[in-house]
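Chemist: Have a look at this prediction, sequence included:
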Amino acid sequence: MRGAALSSSGWLPCVAAALASLALLCLAVALAMTVGEMHIPLQVALQALGNALFDLGYAVNPIQQGVLVDYRLSRALFAACCGGALAVCGVILQALLRNPLAEPYLLGISAGASTGAVAVMVLGLGGAAVGVSGGALLGAVMALVTVAFLAMGDGGTSERVILSGVAAAQIFNAATATIVTTFASAEQARGVMFWLLGSLGGVRWPDVWLATPVTLAGFAVCLTHARTLDAFTFGEDAAAALGVSVSRVRLVLFGTTAAMTAVMVSIAGAVGFVGLLIPHTVRLVVGPRHSRLLPAALVTGAVFLVLADILSRVLIARQVVPIGVVTALFGAPAFALILTRARRPA
């Protein structure tokens, strides 16, 4: 009886935290539906949502109905998927590399995905058979291979991997710039350069239908490896001593992070620092255990990017600031703080 009571009391905080997190995410999405050049009251937004989901027949202006459901809701839901996916990727990369600076943006994965996506958009490589998301995935895999090649030697230490990631990012950024400046028309160049800074302006429901299953499937794969990631905290040798197949786990998780990053980058462009800022913030609250850290990072990253998207629309009147710029405003100081703390003697 006592054990059952303890078990029940242990589940209650988890359930309460999950419900509170879900409520916070819903509140952020609802707020995102009301903010924009056309101010729409929350009551109207909820009525439009009720019409779309349950055909309730509320008298909502057709223009407002279209703006709310077809534009703002899809944009907010994709922002939630993107933020959650990138935050989870940051947790995974920091655990595998045992480096607090590891994240898709700094490791060059985002840059590689951007190059692959731009190659499809501008050069038409692969055509319909590959698609922008497929091109981004190929680019992300190429970036991982490049980082692995550059990191060879000195035992492939995490510091060397980070430096290799920075070098790979520069290589792929240069390749992207070359493609855009050499082969793109003036109109294509303007669109691609704005997209590369991170933009949710073109997000529609088909993007949500792609991002949602990728995010949930990737999260599920990562969550099933939560105990294994705890073992990686003590190093690869310790994990291997505990019976972990290090090579298989690294392959699966690196592949999962590459796929998640590629899909998000192919739709929204390179959104940096989410995978750096959110894991460290969440770790201070829930601790280092990955069974708690991964779900918390998923929800916190989702809320963060939804709020960042709102800020991008209200920061400058009648203009939309690229969301990658907004995340950098928060992420760059966090990066400097983490780097400064890492350099302090123990």
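Modeler: That came in fine, so what should we check first?
Chemist: The stretch 1-150 of the chain: helices as residue ranges?
Modeler: Here the stretch 1-150 of the chain has its helices, by DSSP state H, counting those that start in this stretch, at 2-34, 42-54, 62-66, 74-97, 109-118, 127-150.
Chemist: Contact partners for residue 213?
Modeler: Residues counted as contacts of residue 213 (CB atoms under 8 Å, 6 or more residues apart in numbering): none. (Glycine included, C-beta is placed from N, CA and C.)
Chemist: before we move on, the earlier item: which one of the helices of the stretch 1-150 of the chain is the most hemmed in?
Modeler: helix 109-118 (a mean of 31; mean count of other CB atoms under 10 Å).
Chemist: what's the angle between that one and helix 74-97?
Modeler: 130 degrees (axes from the mean of the first three to the mean of the last three CA atoms, to 10 degrees).
Chemist: so what's the spatially most central residue of the chain closest to, chain neighbours aside?
Modeler: Centroid-nearest residue in the chain, with CA atoms, centre = their mean: residue 86, separated by 2.1 Å. Counting by CB to CB, 6 or more residues apart in numbering, the nearest residue to residue 86 once its immediate chain neighbours are dropped is residue 274, at 4.1 Å.
Chemist: swap in residue 87?
Modeler: Spatially, and ignoring its direct neighbours in sequence, residue 87 is nearest to residue 301 (2.7 Å; CB to CB, 6+ apart).
Chemist: Quickly note the distance from the one you found to residue 180.
Modeler: Separation of residue 301 from residue 180 (CB to CB, to the nearest Å): 29 Å.
Chemist: So the two - more neighbours on which side?
Modeler: Taking neighbours as other CB atoms under 10 Å, residue 301 and residue 180 compare with residue 301 leading, 30 against 19.
Chemist: Which pLDDT value belongs to that one?
Modeler: pLDDT, residue 301: 94.
Chemist: my guess is it contacts residue 83, does it?
Modeler: Yes. With contact defined as CB atoms under 8 Å, residue 301 counts as touching residue 83 (4.0 Å).
Chemist: Common neighbours of those two, please.
Modeler: 274, 278.
Chemist: tell me the contacts of residue 287?
Modeler: residue 293.
Chemist: can you give me how far stretch 140-153 is from the chain middle?
Modeler: How far stretch 140-153 lies from its chain's middle: 21 Å, per CA atoms, centre = their mean, to the nearest Å.
Chemist: tell me the average confidence for it?
Modeler: On average, stretch 140-153 scores 86.
Chemist: Show residues contacting that stretch.
Modeler: 107-113, 115-116, 160-161, 164-165, 167-169, 171-172, 254-255, 258-259, 261-262, 265.
Chemist: Generate a PyMOL selection restricted to the buried subset of the residues you listed.
Modeler: Selecting only the buried entries of those in PyMOL, with 16 or more other CB atoms under 10 Å as the criterion:
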select buried, resi 107+108+109+110+111+112+113+115+116+160+161+164+165+168+169+171+172+254+255+258+259+261+262+265
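Chemist: circling back: if I look at the residue nearest to residue 86, how far off is residue 263?
Modeler: 14 Å.
Chemist: More neighbours: which of those two?
Modeler: Under the neighbour definition other CB under 10 Å, residue 274 and residue 263 were set side by side, and residue 274 has more, 32 against 27.
Chemist: wait, doesn't the more buried one sit right on residue 84?
Modeler: No. Look at residue 274 against residue 84 with CB under 8 Å: they stay out of range, at 9.2 Å.
Chemist: Now for those two: what residues contact both?
Modeler: Listed as contacting both residue 274 and residue 84 by CB under 8 Å, 6+ apart are 301, 305.
Chemist: Pick out the least confidently modelled helix or strand of the protein, by mean pLDDT.
Modeler: In the chain, no helix or strand scores lower on mean pLDDT, DSSP states H and E than helix 2-34, which sits at a mean of 73.
Chemist: For residue 214, list the residues it contacts.
Modeler: 81, 85, 259-260, 263.
Chemist: Nearest to residue 211, out of the residues you listed: which one, please.
Modeler: Comparing the contacts of residue 214 against residue 211 with CB to CB places residue 81 closest, at 4.1 Å.
Chemist: The helices of the stretch 1-150 of the chain: which one's closest to residue 200?
Modeler: With CB to CB as the criterion, residue 200 lies closest to helix 74-97 of these, at 5.2 Å.
Chemist: Which neighbouring elements make contact with the closest one?
Modeler: With contacts taken as 3 or more CB pairs under 8 Å, 6 or more residues apart in numbering; DSSP states H and E, helix 74-97 sits against helix 2-34, helix 158-183, helix 205-224, helix 226-232, helix 246-268, helix 274-286, helix 290-314.
Chemist: after the last one comes which helix or strand?
Modeler: This means helix 290-314. Downstream of helix 290-314, the first helix or strand assigned by DSSP states H and E is helix 323-343.
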